[in-house]
Structure formats: C-alpha cells, structure tokens
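>>> below are the sequence and a predicted model; questions follow.
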Amino acid sequence: MPLYRDSGVVLRTHKLGEADRIITVLTRGRGKIRTVAKGVRRTKSKFGARLEPGMHVDLQCYEGRNLDTVTQTESLDPWGDALARDYSRWTAATAILETADRLTEEREPSVQQYRLLAGALRTLAQGDHAAELVLDAYLLRALAIAGWAPSFHDCAQCGDEGPHRAFHVAHGGVLCRSCRVPGSSAPAPETLELLAALLVGDWVVADASEQRHRREGAGLTAAYLQWHLERGVLSLRHVDRTPTHPTPAQRTG
C-alpha cells in the first residue's frame, strides 16, 4: 500500500471498534481525508492526544480501499491546550471545525480553506482578539472562499455604490433602494462596518466595535451561513459570546 505524508487539522473523530477511531482531517495537499488511528483509545497509545479535534499535525498514512490508516503523527502547533483551557475559545473552535467539515469535500484539495482554518485556530489560541470576532471572521471568509462572498457596502444585486442599509441573506448582502425586497432587515451602519472589517481582516475596526453590533453581526453571519449550507451549524448554539475583551464603551466607562 502506498505511503504518504501531509499536514492537516483534525476536524472530528468517531469511535471504531473497541480501541480505534476514525479521524477526519483537512489536509494541505489532499483535502479532507478519513483515516483510522488504530489503538488510539488505549491508555498507552503511541498517538497520545495528538489526534484530537483542533490539533495541527503532520501525518504519515498508508492508503486503503475504504479508509487510510495513520502510521505516524507529529504535533506541529500546540493550540489544543490553549483552546481547551478557555470556554469561549473552545466553543468558537468547535463551530469553526464543524463549518470547515461542512464546506469541504473528501479528496478535493482546498489549500485556501486549510490555511484559513489553521490561521483561525492559531489566532484563537493566541487570544489577541475576542473569540466571537475570530469565529465570525472565519465564517465570512470561509463562505467567500466557497464562492458566497457577502456584500456589506455596495448593492449585492446591481452593484450600486454604497453604503446601503437594507440587508437580505438570500440576495447576498446589502441592497440599494431599487433592489430592496420584502423581508430585508436594516442593520445598524456600525454592524455592517464591523462585518466588512471582519471579511477583509481589519482588526483595528473589529476590535473597536461595540458589543451590541457584534451581537447583531453574529446573527446576520449565522443566518447567511445557514442559508448557504441549507441547515445550521449545530455548534453555533453553544458558542459563548460573553465579552472577553473590553469594548470602547467599557474602556472609557
């Protein structure tokens, strides 16, 4: 059986038999793969905790008919400990991993999705930005890579230069007065500014946002994600959005 090596992020695991697990990994070169880690649930497993969700690893596997098999693994980045110690970070990471799983297909390489996922988990682990902002930035960018980039400034239908206030999930973002459809919402301008900043990685604007605009933006992001995935990401309901970084109002108050 041919051997191969690749780096990847563990997305999820499933029990197999009495001691094994099926490990789903988004790899750099091969896309999403499913591979068996034999004996990983035993106390003396040679893999230890390196094949848990959120771990960034270097894998050696051999190809099988249905499932590949892990033969060696090495940790590349120690994100797991930092994420597991903070509830907000861990719940955000769980939602990120589930979304990455939903947006990728087996054996279809997607280097952009891999890099975005690794970068999001690294940023979460470092704790430089609020976990809720890192999560929403990841969701918006992952959707953009998948071909569903939302518009938060110019009209998503006719391209009329913004800013515009009406927002409609099914129509791709903000709409001008001519394109506005029934059922459109009218988010605060600051919320749209925040979402636009998260989409392009403008952390100066994002970090300065108020909590009320973060909450409204999170709702729009979740609705946009659910529309394109056709069903919700279950982990989002468990995300802890308790403020972990002071907002400008809290800092000046």
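Nice, I can see it.
>>> so residue 72 sits against residue 60, correct?
Yes: the pair residue 72 and residue 60 qualifies as a contact (C-beta atoms under 8 Å) at a distance of 3.9 Å. Just so you know, the C-beta spots here come from the backbone N, C-alpha and C atoms, and that holds for glycine as well.
>>> immediately after the helix or strand where residue 83 lies, which helix or strand?
Using DSSP states H and E, residue 83 maps to helix 79-84. Downstream of helix 79-84, the next assigned helix or strand under DSSP H and E is helix 87-103.
>>> buried residues in that following helix, which are they?
Judged by neighbour count using 16 or more other C-beta atoms under 10 Å, the buried positions of helix 87-103 are 88-103.
>>> after it, which helix or strand is next? Please name it.
Trace forward from helix 87-103 with DSSP H and E and the next one is helix 111-126.
>>> pull out the buried positions in stretch 107-122.
Of the residues in stretch 107-122, 109, 110, 113, 114, 116, 117, 118, 120, 121 count as buried by neighbour count, 16+ other C-beta under 10 Å.
>>> so which residue is dead centre in the protein?
Central residue of the chain (C-alpha atoms, centre = their mean): residue 96, 2.9 Å from the mean position.
>>> my read: that residue touches residue 119, true?
No: counting by C-beta under 8 Å, residue 96 sits too far from residue 119 to count as a contact (10.5 Å).
>>> domains in this protein, by residue range?
As given by the TED database, the domain ranges for the chain are 3-77, 81-237.
>>> nearest to residue 243, out of those domains?
Of all the domains of the chain, it is domain 81-237 that lies closest to residue 243, at 5.6 Å by C-beta to C-beta.
>>> where does the prediction get shaky in the stretch 101-250 of the chain?
Along the stretch 101-250 of the chain, segments meeting pLDDT under 70 span 244-250.
>>> the strands in it, which residues?
Here the stretch 101-250 of the chain has its strands, by DSSP state E, counting those that start in this stretch, at 166-168, 173-175.
>>> what distance separates stretch 172-182 from the centre of its chain?
The chain centroid and the centroid of stretch 172-182 are separated by 27 Å, computed with C-alpha atoms, centre = their mean, to the nearest Å.
>>> residue 71 should be in a strand, yeah?
Yes: assessed by DSSP: H, G, I helix; E, B strand; the rest coil, residue 71 belongs to a strand.
>>> quick one: secondary structure of the residue nearest to it when sequence neighbours are not counted?
Excluding the flanking residues, the one nearest residue 71 by C-beta to C-beta, 6 or more residues apart in numbering is residue 60, at 5.1 Å. Three-state call for residue 60 (three-state DSSP): strand.
>>> contacts for the lengthiest helix in the chain, please.
Secondary structure of the chain per DSSP state H: the longest helix is helix 211-229. Residues outside helix 211-229 that contact it (C-beta atoms under 8 Å, 6 or more residues apart in numbering): 99, 102-103, 130, 132-133, 136, 139-140, 143, 146, 148, 150, 167, 169-170, 185, 187-188, 190-191, 194-195, 198, 209, 232-233, 236, 241, 243, 247, 249.
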